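for reference, the sequence and a predicted model appear below.
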Amino acid sequence: MNVQPSSLTRPPLPEALTAALSARFGDRFSRRPADLEAHGRGESYHSAQPPQAVCRVASTDEVAAIVTLCAAHRVPVIPFGAGTSLEGHVTAPYGGVCIDLGGMNRIVAVRAGDLDVTVEAGVTRQQLNTHLRDQGLFFPVDPGAECTLGGMAATRASGTNAVRYGTMRENVISLTAVMADGTIVRSGGRARKSSAGYDLTRLLVGSEGTLGIITELTLRLYGIPEAVSAATCTFPDIASAVGSVIMAIQCGIPVARAELLDARTIQAVNRHFKATFAELPTLFFEFHGTPAGVEEQARQVQDIVSASGSGDFHWASGQEEANRLWHIRHNVHYAVQGMRPGAQVWSTDVCVPLSQLTDLVRITQDDVMAASFFISTVGHVGDGNFHLGLIVDPKNPDELAEAAAINDRLVKRAIALDGTATGEHGVGVGKRKFMELEHGAGVAVMRALKQALDPLGILNPGKVLPDA
Ligand SMILES: Cc1cc2nc3c(=O)[nH]c(=O)nc-3n(C[C@H](O)[C@H](O)[C@H](O)COP(=O)(O)OP(=O)(O)OC[C@H]3O[C@@H](n4cnc5c(N)ncnc54)[C@H](O)[C@@H]3O)c2cc1C
């Protein structure tokens with residue numbers, strides 16, 4: 001039977017299912033309204049639709065047991081990591097059972113000699129990095145929220161370090177997943193490369209819980225660089241800031257982080273963090289390497305930014321100042337939200353080939369300036385990815401319509417420039433409507449994959465693919 005999401009409804013959960021889950025999970029099976037509410041909403045502007053039950057799991061076998069039971073009853077299952085996703089990924093429009101993997105947080109094995117680690121899906125990136133620090137190792141992918149590595153793999157997340165170390169796509173070596181019929185599959189071993197068959201790892205990375213539930217991951221690790229230094233510089237306009245990063249990348253300078261914050265974002269940062277940055281478009285840079293290598297990279301970048309009109313190049317005076325800089329960058333979302341108490345951040349991201357980024361950012365600024373509400377522009381510009389944070393009143397339909405129109409124009413321009421509707425946040429429910437435009441006939445291939453792997457349509461229904 002093929003149940004398309006649009007034909008699913010929210011009938012009450014079958015009593016036989018709730019009885020079986022309650023018997024097996026005890027207190028870890030919940031139908032308390034507060035629990036349901038907390039699991040039906042990510043950090044997005046999308047309206048929340050709570051699941052009908054939540055199960056907190058402790059092992060792959062428990063996930064398999066829930067999926068097997070839910071499949072028998074044709075009930076949707078929605079995997080949940082930390083709920084920080086931004087496009088309505090965890091909402092449950094068709095009801096069902098939310099599987100909360102946050103308690104699966106064991107670090108299974110660190111293999112320093114192979115530079116890899118195996119973790120359960122609920123381990124967070126901060127937890128992992130705290131664990132690794134004493135061994136001189138780190139995991140680089142760093143979204144600006146306390147999220148789980150399972151959720152990060154499921155959304156193919158990235159962050160400030162992606163320009164140097166890649167995204168989850170490059171950093172997941174293999175994974176264990178529970179498929180829609182309850183089968184447990186390991187997508188590969190720990191070899192750094194393999195030509196053996198279809199690449200199930202990369203099929204599941206970015207599938208947002210619609211093709212399988214990730215329970216364990218083996219990830220690449222890196223040595224903590226011998227030398228790290230950070231710097232900021234300001235620009236008279238946003239296009240020169242973006243242009244100088246592009247120039248640095250095109251010159252082959254291996255910058256580790258190159259983050260743009262526009263003047264409005266800096267204004268929000270100054271207010272929220274009681275900081276004193278000049279309220280101009282600003283780049284935050286970080287360089288990794290040997291002491292001599294870092295000095296050389298920084299000198300080359302300094303030459304490029306001054307030729308692009310940067311007024312200053314300020315070195316972080318030590319580790320404490322550098323840490324503060326990245327703390328600020330990771331919490332920009334909350335600084336921007338503070339510009340309008342009671343409002344919500346509609347956070348959207350697109351990504352384009354590097355050569356198209358300056359034009360896209362420049363054109364988008366017309367929308368930013370004309371909007372009736374505050375919009376912040378930030379970007380992981382080293383890889384062509386930038387974000388708008390539209391600060392809207394979620395109860396004001398006019399503002400929501402205006403925000404939706406700005407978002408539509410942004411995404412359509414990015415796709416027209418051979419880019420993508422989302423560089424890192426994922427599709428969820430919010431960007432499903434752009435999938436045909438971006439992928440054309442590829443959407444039918446995706447539907448065929450979904451149909452083959454989840455013929456009952458129970459895995460996180462209503463996400464990623466537009467209704468047929
Ligand atoms: C302040 C802030 C800053 C952010 N910055 C960034 C950023 O820089 N880069 C970036 O990429 N994102 C960013 N995000 C978005 C968010 O942090 C990421 O999407 C993150 O990867 C979500 O992880 P999570 O554990 O919270 O997953 P959840 O929100 O719980 O789930 C996300 C999706 O993955 C599915 N899922 C969760 N766990 C699993 C699993 N084990 N198996 C299968 N499917 C699963 C869910 O069903 C859902 O579809 C930011 C969010 C906030 C609030």
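Yep, it's here.

need the contact list for residue 255.
163-164, 245, 248-249, 285-287, 297, 301, 382 (Cβ atoms under 8 Å, 6 or more residues apart in numbering). The way it works is simple: take the backbone N, C-alpha and C, and place the C-beta from them, glycine included.

hmm, I was thinking of residue 177
Residues in contact with residue 177 (Cβ under 8 Å, 6+ apart) are 184-185, 187, 204, 212-215.

okay, helices next: where are they in the stretch 201-350 of the chain?
238-250, 263-273, 291-307, 319-330, 332-337 (DSSP state H, counting those that start in this stretch).

residue 248 against residue 302, yeah?
No. With contact defined as Cβ atoms under 8 Å, residue 248 does not count as touching residue 302 (10.1 Å).

helix, strand, or coil at whatever residue of the stretch 351-468 of the chain ends up closest to the ligand?
Ranked by Cβ to the nearest ligand atom, the top residue of the stretch 351-468 of the chain for proximity to the ligand is residue 424, at 3.4 Å. Secondary structure, DSSP: H, G, I helix; E, B strand; the rest coil: residue 424 is coil.

switch the helices of the stretch 201-350 of the chain over to JSON lines; also include mean neighbour count and mean pLDDT.
Output for the helices of the stretch 201-350 of the chain, formatted as JSON lines (neighbours: other Cβ atoms under 10 Å; pLDDT from 0 to 100):
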{"stretch": "helix 238-250", "mean neighbour count": "22", "mean pLDDT": "93"}
{"stretch": "helix 263-273", "mean neighbour count": "20", "mean pLDDT": "97"}
{"stretch": "helix 291-307", "mean neighbour count": "16", "mean pLDDT": "92"}
{"stretch": "helix 319-330", "mean neighbour count": "16", "mean pLDDT": "91"}
{"stretch": "helix 332-337", "mean neighbour count": "21", "mean pLDDT": "94"}
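
for residue 159, which of these is the nearest?
Minimum separation from residue 159 across the helices of the stretch 201-350 of the chain (Cβ to Cβ) falls at helix 319-330, 8.3 Å.

quick one: that closest one to chain centroid distance?
Counting by Cα atoms, centre = their mean, to the nearest Å, helix 319-330 is centred 20 Å from the centre of its parent chain.

what sits up against it?
142, 144-145, 160, 228-230, 232, 257, 259, 261, 269, 273, 275, 284, 286, 316, 335.

try stretch 190-203
Outside stretch 190-203, the residues that touch it by Cβ under 8 Å, 6+ apart are 111, 114, 116, 169, 172-175, 185, 187-188, 211, 218, 449.

rerun that using 6 Å as the cut-off
The contact list for stretch 190-203 (Cβ atoms under 6 Å, 6 or more residues apart in numbering) reads 116, 172-175, 187-188, 218.

hang on, the earlier thing: contact partners for the nearest residue to the residue of the stretch 351-468 of the chain closest to the ligand once chain neighbours are set aside?
Counting by Cβ to Cβ, 6 or more residues apart in numbering, residue 158 is the residue found nearest to residue 424 once chain neighbours are left out, at 4.5 Å. By Cβ under 6 Å, 6+ apart, residue 158 lies in contact with 141, 167, 424.

between these, which is nearest residue 94?
Checking the contacts of residue 158 against residue 94 by Cβ to Cβ gives residue 424 as the nearest, at 26.3 Å.

look up phi and psi at the closest one.
Backbone torsions of residue 424, given as degrees, to the nearest 10, read phi -150, psi -20.

what's the neighbour count on it?
Residue 424 has 25 neighbouring residues, counting by other Cβ atoms under 10 Å.

also residue 355?
12.

separation between residue 395 and residue 271?
Using Cβ to Cβ, to the nearest Å, one obtains 24 Å as the distance from residue 395 to residue 271.

farthest-separated two in the contacts of residue 255?
The largest separation in the contacts of residue 255, counting by Cβ to Cβ, is between 249 and 286 at 14.1 Å.

show me the contacts for the closest residue to the ligand within the stretch 151-300 of the chain.
Nearest residue of the stretch 151-300 of the chain to the ligand: residue 151, at 2.2 Å (Cβ to the nearest ligand atom). Applying Cβ under 6 Å, 6+ apart to residue 151 gives the contacts 81-82.

now residue 431. Its backbone dihedrals?
Main-chain torsions, residue 431, degrees, to the nearest 10: phi -110, psi 10.

ok, and the closest non-adjacent residue to it?
For residue 431, the spatially nearest residue (Cβ to Cβ, 6+ apart) is residue 421, at 4.8 Å.

quick check, that neighbour in contact with residue 410.
No. Residue 421 lies out of contact with residue 410 (Cβ atoms under 6 Å); the separation is 9.2 Å.

quick one: which of those two has more around it?
A count of neighbours by other Cβ under 10 Å puts residue 421 above the other of residue 421 and residue 410, at 27 against 23.

strands along the stretch 301-450 of the chain, start to end?
Secondary structure of the stretch 301-450 of the chain (DSSP state E, counting those that start in this stretch): strands located at 314-315, 344-351, 375-380, 385-392.

quick one: the ones you listed as a markdown table, columns for mean neighbour count and mean pLDDT too.
Shown next, in a markdown table, are these (neighbours: other Cβ under 10 Å; pLDDT from 0 to 100):
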| stretch | mean neighbour count | mean pLDDT |
| --- | --- | --- |
| strand 314-315 | 14 | 87 |
| strand 344-351 | 24 | 96 |
| strand 375-380 | 25 | 96 |
| strand 385-392 | 25 | 96 |
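
now those in JSON lines, with distance to residue 26?
As requested, the strands of the stretch 301-450 of the chain are exported to JSON lines (distance: least, Cβ to Cβ, whole Å):
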{"stretch": "strand 314-315", "distance to residue 26": "56"}
{"stretch": "strand 344-351", "distance to residue 26": "36"}
{"stretch": "strand 375-380", "distance to residue 26": "43"}
{"stretch": "strand 385-392", "distance to residue 26": "41"}
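
what's the spacing between the closest residue in space to residue 277 that isn't next to it in sequence and residue 324?
Sequence neighbours aside, residue 266 is the residue nearest to residue 277 in space, at 5.0 Å (criterion: Cβ to Cβ, 6+ apart). Distance from residue 266 to residue 324, counting by Cβ to Cβ: 15 Å.

ok so, going back, adding pLDDT and distance to residue 75, write the contacts of residue 158 out as JSON lines.
Putting the contacts of residue 158 into JSON lines (pLDDT from 0 to 100; distance: Cβ to Cβ, whole Å) gives the following:
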{"residue": "141", "pLDDT": "97", "distance to residue 75": "33"}
{"residue": "167", "pLDDT": "98", "distance to residue 75": "33"}
{"residue": "424", "pLDDT": "97", "distance to residue 75": "31"}
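
the protein against the ligand: which residues are in contact?
42-43, 78-86, 89-90, 101, 121, 143-145, 147-148, 150-152, 154-155, 157-159, 208-209, 213-214, 333, 424-426, 460, 463 (Cβ under 6 Å from any ligand atom).

of those residues, buried ones?
Among the residues of the chain next to the ligand, those classed as buried by 16 or more other Cβ atoms under 10 Å are 42-43, 78-86, 89-90, 101, 121, 143-145, 147-148, 150-152, 154-155, 157-159, 208-209, 213-214, 333, 424-426, 460, 463.
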